[in-house]
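Engineer: what's the 3D shape of this:
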Amino acid sequence: QLPLVESGGGLVQPGGSLRLSCAASGFTLDYYAIGWFRQAPGKEREGISCISPSGGSKKYADSVKGRFTISRDTAKNTVFLQMNSLKPEDTAVYYCAAIYTIREVSTLDPYDYNNWGQGTQVTVSK
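Structural biologist: Here you go, the predicted structure:
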């Protein structure tokens, strides 16, 4: 299990924004596809965005398309998830995950990932 650490979660009002970070220490993310997932109480884990190793391929779930943006900063060894126009239904624990790959692919299927962070809570409420 590689050490991934999420940060940036918190409490925000509807319509607000947050930026989540997924950082790695002790290894480079350059050869890893990264996915962002979320899980609300009583619900299954949902894949919401993913990015290929070079950043050339990105995917979004329909529920966040147009509101969330995934990016990666090689120099900081970090992947970001910019979340705008947040809604109460975005409330969940958000996880990042990594899978080693030499291909320019990424996937929203959580079963494809074998390295997970501990999660960060995002709460959208008045």
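Engineer: now do the contacts for the nearest residue to Trp116 once chain neighbours are set aside.
Structural biologist: Spatially, and ignoring its direct neighbours in sequence, Trp116 is nearest to Ala97 (4.8 Å; C-beta to C-beta, 6 or more residues apart in numbering). (Glycine included, C-beta is placed from N, CA and C.) Shown in contact with Ala97 (C-beta atoms under 8 Å, 6 or more residues apart in numbering): Leu4, Ile34, Gly35, Trp36, Phe37, Pro110, Tyr113, Asn114, Asn115, Trp116, Gly117.
Engineer: let's see it at 7 Å
Structural biologist: By C-beta atoms under 7 Å, 6 or more residues apart in numbering, Ala97 lies in contact with Gly35, Phe37, Pro110, Tyr113, Asn115, Trp116.
Engineer: ditto for Val79
Structural biologist: Cys22, Leu29, Ile34, Ile51, Ile70, Arg72, Cys96 are the contacts of Val79 under C-beta under 7 Å, 6+ apart.
Engineer: quick check: which element contains it?
Structural biologist: According to DSSP states H and E, Val79 maps onto strand 78-83.
Engineer: strand partners (parallel or antiparallel) of that strand?
Structural biologist: Using DSSP bridges, strand 78-83 pairs in its sheet with strand 18-24 (antiparallel), strand 68-73 (antiparallel).
Engineer: circling back: now the contacts of Val79 as JSON lines including pLDDT?
Structural biologist: Shown next, in JSON lines, are the contacts of Val79 (pLDDT from 0 to 100):
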{"residue": "Cys22", "pLDDT": "98"}
{"residue": "Leu29", "pLDDT": "94"}
{"residue": "Ile34", "pLDDT": "97"}
{"residue": "Ile51", "pLDDT": "97"}
{"residue": "Ile70", "pLDDT": "98"}
{"residue": "Arg72", "pLDDT": "96"}
{"residue": "Cys96", "pLDDT": "97"}
